[in-house]
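*Asks:* Below are the sequence and a predicted model; questions follow.
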Amino acid sequence: MQIESVPPRRHLAPLPKLALELGPLVIFFLGNAYAERFGVDPDHKLFVATGVFIVATVVALAVHFALVRRLPIMPMVSGVVVVVFGGLTLYLQDKTFIMVKPTIVNTLFGLVLLGGLAFGKSLLSVVLDSVFSLTDEGWRKLTFRWGLFFLALAVLNEAVWRTQSEDFWVNFKVFGIMPLTVVFALAQTPLLTRYERRKSDV
């Protein structure tokens, strides 16, 4: 009996993946920064930025799917929240919805990761579409750290949008959250190296 081999899951190269993840954020920032030059009232420029953010997010997800024929969990969930809460922002003309979007997404991921650990499941590889191969202990420790980090981002976003101006929040969303995430991810390199699963462990 011949067993058909399952083709390996395809992953985007780092550069295209980064471009698809950052592209909508950059467009969001540009929409907010330059809306006034096109005659948009300053009080409404965040609505314009939200509209182009929704479109750019949907396009980025469609391109991602076209390239690898699937959507990773994190970009997909984040994209759904962008569409739903961005849509509510535009429909109700209430900027609060788009501002709480990072809070909701990061809280959701943080609770999923820490909740999974409470039930003995390390879900980080699913949430982050990880290509790493770690020992069980490594996954537990890394999952715990990322869970706390996501919750910290949620708290930070709440503090920023509730106390700062709209423009400051937009800059924080684009130039704050992503760099913080990159720095945190790089800081996990020693853990990844220490708990890397080697062929002899399999």
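*Replies:* All right, it came through fine.

*Asks:* For the lengthiest helix in the chain, which helices and strands make contact with it?
*Replies:* Using DSSP state H to define each element, the chain has its longest helix at helix 136-163. Packing partners of helix 136-163 (3 or more Cβ pairs under 8 Å, 6 or more residues apart in numbering; DSSP states H and E): helix 96-118, helix 124-127, helix 166-175, helix 177-187, helix 189-194. Every residue, glycine included, has its C-beta placed from N, CA and C.

*Asks:* run the last query once more with 7 Å
*Replies:* helix 96-118, helix 124-127, helix 166-175, helix 189-194 (3 or more Cβ pairs under 7 Å, 6 or more residues apart in numbering; DSSP states H and E).

*Asks:* pLDDT averaged over that helix - what is it?
*Replies:* Helix 136-163 carries an average pLDDT of 95.

*Asks:* Which of the residues in that helix are classified as buried?
*Replies:* Neighbour-count burial for helix 136-163, counted by 16 or more other Cβ atoms under 10 Å, picks out 138-143, 145-147, 149-151, 153-154, 156-158, 160-161.

*Asks:* ok, and the closest non-adjacent residue to Phe172?
*Replies:* Val160 (5.0 Å; Cβ to Cβ, 6 or more residues apart in numbering).

*Asks:* I should have written Ile98 there, sorry.
*Replies:* Spatial nearest neighbour of Ile98, chain neighbours left out: Thr89 (4.3 Å); criterion: Cβ to Cβ, 6+ apart.

*Asks:* Which neighbouring elements make contact with the helix or strand that contains the one you found?
*Replies:* Using DSSP states H and E, Thr89 maps to helix 73-92. For helix 73-92, the packing partners by 3+ Cβ pairs under 7 Å, 6+ apart come out as helix 45-68, helix 96-118, helix 124-127.

*Asks:* List the contacts of the shortest one.
*Replies:* Residues lying outside helix 124-127 but in contact with it, judged by Cβ atoms under 7 Å, 6 or more residues apart in numbering, are 73-74, 109, 112-113, 130, 139, 142-143, 146.
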